[in-house]
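Peer 1: fold the following, please.
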Amino acid sequence: MLKLHRVKHNLFRIGLIAGVGLAVIGCNQVTEPQDLYKEGDATQMLQPLPTSSNSSLQNLVEKAKEDLAQRFSIPVIQINLIEAVEVEWSDSSLGCPQPDMFYLQVIMPGYRIQLESGGNMYEYHSNRDTYVIYCENSISPNLPNP
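Peer 2: Now for the predicted structure:
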């Protein structure tokens with residue numbers, strides 16, 4: 001009985017440490033807020049983005065375009081970026097919670113990326129630098145204060 005109690009206690013401690021570690025990782029990526037990145041006939045930025053953020057955002061947009069192209073069999077050159085707005089997601093679902101899933105309740109900085117192809121609008125959500133997900137049923141994000 002004592003051995004089972006120790007195992008449960010150790011599993012609880014491991015879970016607690018892992019949860020805190022993930023929360024710290026999610027909150028560790030703090031940079032200055034950027035407003036908006038748009039693409040039309042020419043790329044324009046309403047506020048200059050630092051080089052590393054600009055590169056990360058461009059990579060995220062490219063990942064979203066590639067996913068959309070594969071998902072709906074659309075040539076990438078027929079996909080247009082409408083806007084990419086810096087946001088703060090209220091949890092680790094990045095504003096796209098899935099049924100029966102649990103998410104860390106931490107503020108996650110990222111982007112809402114809106115794409116268009118053939119008159120149809122598509123929305124992608126991302127963190128700051130690596131993850132992009134297609135989001136059919138999104139939850140409104142918080143926009144960072146300037």
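
Peer 1: all helices of this structure, in order?
Peer 2: In the chain, the helices defined using DSSP state H lie at 2-27, 51-72.

Peer 1: looking at those helices, which one has the lowest mean pLDDT?
Peer 2: Of all the helices of the chain, the minimum mean pLDDT falls on helix 2-27 (a mean of 46).

Peer 1: pretty sure E83 contacts Y111?
Peer 2: No: using Cβ atoms under 8 Å, E83 is not in contact with Y111; the gap is 9.5 Å. Every residue, glycine included, has its C-beta placed from N, CA and C.

Peer 1: the two - which one has more neighbours?
Peer 2: Legend: neighbour count by other Cβ atoms under 10 Å for E83 and Y111, higher for Y111 (29 against 15).

Peer 1: burial measure for G118, as a count.
Peer 2: Counted with other Cβ under 10 Å, G118 comes out at 9.

Peer 1: distance of it relative to S73?
Peer 2: Relative to S73, G118 is positioned 12 Å away (Cβ to Cβ, to the nearest Å).

Peer 1: same question for W89.
Peer 2: In terms of Cβ to Cβ, W89 sits 29 Å off from S73.

Peer 1: of the two, who's got more company?
Peer 2: Comparing W89 with S73 by other Cβ under 10 Å, the one with more neighbours is W89, at 25 against 7.
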